[in-house]
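1. just to be clear, the model below is a prediction. Sequence and coordinates:
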Amino acid sequence: MMKEKVNVFGQELKSGSKVERKRILKEFSDMLDRQVEKMVLFLLIKQGQLALQLSKLADEREAEDTELEGANEAARISRLRDAYHAVGEDLLALLQFVDLNATGLRKILKKFDKRVGYRLSDEYVATRSNHPFSQLQHIFRHVGIGSMVATISRNLAELENKGQPVTSIYEQRSKLGIQDPIIESIKRAEDRLTNSASFLRFLGQQFINEEEELPEEEKREEENYHFVSLVLNLVNTYLYMVNTYIIVPTADKYAMSLGAAPTLCGLIIGSMAVAQLVSSVYLSAWSNKSYYGPLIFSSLILWIGNLLYAVAYNFNSVTILLIGRLLCGLGSARAVNRRYISDCVPQKSRLQASAAFVSASALGMASGPALAGLLEFKYTAFGVTFNANTLPGWIMAVAWFLYLIWVVIGFKEPSHEHLIVDEASSSASQDNQLGKKESQKGTDRHDALEPLLSVSLKPSNFNAERADLKSDSSNDKQSKKPATSFLEASRLLARPLKVQLYVYFMLKFAMEILLSESSVVTQYYFGWGTRSVAFFLALLGLTVLPVNWVVGSYASNIFEDRQLLVGSEILTCVGVIISFDFGILPYSVTQYVTGAFILFVSAEVLEGVNLSLLSKVMSSRLSRGTYNGGLLSTEAGTLARVVADCAITLTGYLGQDVLLNATMFPTLIICIFAVVSTMWTYNSLF
């Protein structure tokens, strides 16, 4: 029925007016509301029935436990255990049923979006999930189900250990009572439902694949998972960020020591980003076949690049200095680090791994300048000079050499077979197992209402509907093939996606201008030395984690992503304006630091919200493959850094007295255009 309605609405909208479009959107949304309500009411009814069964079993146990143990004790325990297992099987069937309906809702919304050319999915979920009377919240949260799982688990544990002390489930950190097969099956089904419903709530946040993970795929992920290898990828991320920012406080002084202008620091810092534009592509493609190879290559190139950066002082050569930084950029493996987390970390641990990736990046951003501030001494040995300019190169060369040894010893290459697994056979296997389980259940427990997909808990309907969904998935495979080139990927960029990529460019441009010119600007206006600049930049870097925590824990629960996006864009503009030297009053440290912190913190907030919105407006074809959404955003950010650093170098020829205003003016124009572009596509962002 719903599929037929989608087709009818699609035909009506082709020739309908704007008023007609609004009527159809409202009518379809109301129809979905009624179906979701019917499904949720059915869920509550079944939960109540199962809770009543558990309550009766508890009363029965309490009454029988007061009697003396006799010859029928073993039979009584066996009967009660079977009764709790039966309730568990009913609960498992209910979870599978809700999972099927959540999947159906997702596919209906996607089909509607495709047929009518309007992203109703975003608007529908955003308005329904955050409403105080939301029906969808019953899908997102499984409080009642979790309570029943705990009750069944506790009672089975007590029956299994009759006569022996049993540890309370609340004293067990990671496991629920006894590890009974039915409990494990329920928990897996609940996890799958959570992952399925998360699409409804977040619509593919974090650039992950939209395809559901089957139990076989989860098992392969567990087999591929190697904790030390994950740590090595996180360490690579941390060291690369340190390598990027450790030279910022001293780049201008290094350029002057080689006879160049201090504003050459923009080119020195930006050369690493130039090379990263190339490395992101070929290392991402290399990771299709191996993770070990890219990490070895990255470590080796970074080791050589830092050695060249360090010895350029003794050779008095700017050319060697720039070649060293270019090599460091060619060794950027951030795309590989991100992809390793997506491909090789199990679903249940992926959120923590992603958070660790962000934390490693933030810590590296803060550690780099802080470390540079501790290197203010000079020593010469064997004709090689070790001072504040060269020590960042020497220290990072040693760090990357030690890391290279660690990778050789400790990294475990994961299997890449999951990239070419026959999904059809996996799906068939899952359906066969599901059908066997359902066929063993009595039909007296499966009478139900007719919810979203017009399906009851009866085995024939259940399996038929799942087969229908699998058929729809197979028909969509051709349209979900990943892009194979930048040109093909560019053709998949819808207007909202282009705007969000531009916003990402803007925030990276603003941050790079602020960070790269800080040593020159503060030296000119305030006479700051290396240690003062390093301390200032370290404080900026340390704001990343607290700000993200506040936004993730509080602000995101109060405001929509698009509201946070516009607000942070406006604050970024405010930070840029405050940073201008208006020439009316003497330029003060307070003014500069205030503008810098507002600009940097706003840009950090903007980055998190922007990546969230990018994932929502991203085509599913850009969620995988070499030319994926993560690569596009990385390239946009890297390009912004290149342009910003080149702008600093070029405007430096106008003189240090105009450097600040000459770089902040284009930054303000870019920021204002980002606000205008966001408002232009505001109604497409949810």
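-> Done, it's in. No experiment lies behind these values; they were computed from the predicted model shown.
2. what's the spacing between G259 and F386?
-> 20 Å (C-beta to C-beta, to the nearest Å). Yep, even glycine has a C-beta here, placed from its N, CA and C like the rest.
3. the more surrounded of these two?
-> Neighbour count, other C-beta atoms under 10 Å: between G259 and F386, F386 has more, with 18 against 8.
4. got a list of what the closest residue to the more buried one other than its chain neighbours touches?
-> Leaving aside its sequence neighbours, F386 sits nearest to Y379 (C-beta to C-beta, 6 or more residues apart in numbering; 4.6 Å). Going by C-beta atoms under 8 Å, 6 or more residues apart in numbering, Y379 touches 385-387.
5. repeat for A260
-> With C-beta under 8 Å, 6+ apart, A260 has these contacts: V318.
6. does it count as helix, strand or coil?
-> Secondary structure state of A260, per DSSP: H, G, I helix; E, B strand; the rest coil, is coil.
7. and for the one 3 residues further on?
-> Assigned with three-state DSSP, T263 falls in the helix class.
8. how about A356?
-> Per three-state DSSP, A356 ends up helix.
9. what's the local residue count around it?
-> The number of residues packed near A356 is 19, by other C-beta under 10 Å.
10. what about it, distance to L650?
-> For A356, the distance to L650 (C-beta to C-beta) stands at 38 Å.
11. with G329 instead?
-> In this view, G329 and L650 are 20 Å apart by C-beta to C-beta.
12. so between these two, which is more surrounded?
-> G329 (26 against 14).
13. what is the lengthiest helix in the chain packed up against?
-> If you go by DSSP state H, the chain has its longest helix at helix 18-65. Packed against helix 18-65 by the contact rule (3 or more C-beta pairs under 8 Å, 6 or more residues apart in numbering; DSSP states H and E) you find helix 2-15, helix 73-116, helix 120-129, helix 137-140, helix 143-160.
14. need the least confident one among those helices, by mean pLDDT.
-> Mean pLDDT values for the helices and strands packed on helix 18-65 show the minimum at helix 137-140, a mean of 58.
15. residues near T678, how many?
-> Neighbours of T678 under the rule other C-beta under 10 Å: 23.
16. and it, what element?
-> Using DSSP states H and E, T678 falls within helix 656-680.
17. what average pLDDT does that helix get?
-> Here the average pLDDT along helix 656-680 is 92.
18. surely V566 touches V675?
-> Yes: look at V566 against V675 with C-beta atoms under 8 Å: they come within range, at 6.8 Å.
19. for L606, give me its contacts.
-> Counting by C-beta under 8 Å, 6+ apart, L606 has contacts 503, 507, 565, 568-569, 572.
20. least confident pick among these?
-> In terms of pLDDT, L565 ranks lowest among the contacts of L606, with 88.
21. how would you label it: helix, strand or coil?
-> Recorded secondary structure, L565: helix (three-state DSSP).
22. find the nearest non-adjacent residue to it, please.
-> Nearest non-adjacent residue to L565, counting by C-beta to C-beta, 6+ apart: V609, 4.9 Å away.
23. poorly predicted segments of the stretch 201-350 of the chain, please.
-> Where the stretch 201-350 of the chain drops to pLDDT under 70, the residues are 201-224, 347-348, 350.
24. state the distance from L32 to R23.
-> To R23, L32 is 15 Å away according to C-beta to C-beta.
25. who has more neighbours, these two?
-> Taking other C-beta under 10 Å, L32 and R23 do not tie; L32 has more neighbours (20 against 13).
26. how near is that one to T651?
-> 55 Å.
27. what's the burial count for I670?
-> Count around I670 with other C-beta under 10 Å applied: 23.
28. what's the helix or strand for the closest residue to it other than its chain neighbours?
-> Nearest residue to I670, sequence neighbours excluded (C-beta to C-beta, 6+ apart): M506, at 5.1 Å. Using DSSP H and E, M506 sits in helix 495-516.
29. so for that helix, what gets flagged as buried?
-> 496-497, 499-516 (16 or more other C-beta atoms under 10 Å).
30. next: stretch 524-539.
-> In stretch 524-539, the ones that count as buried by 16+ other C-beta under 10 Å are 524-525, 528-534, 536-539.
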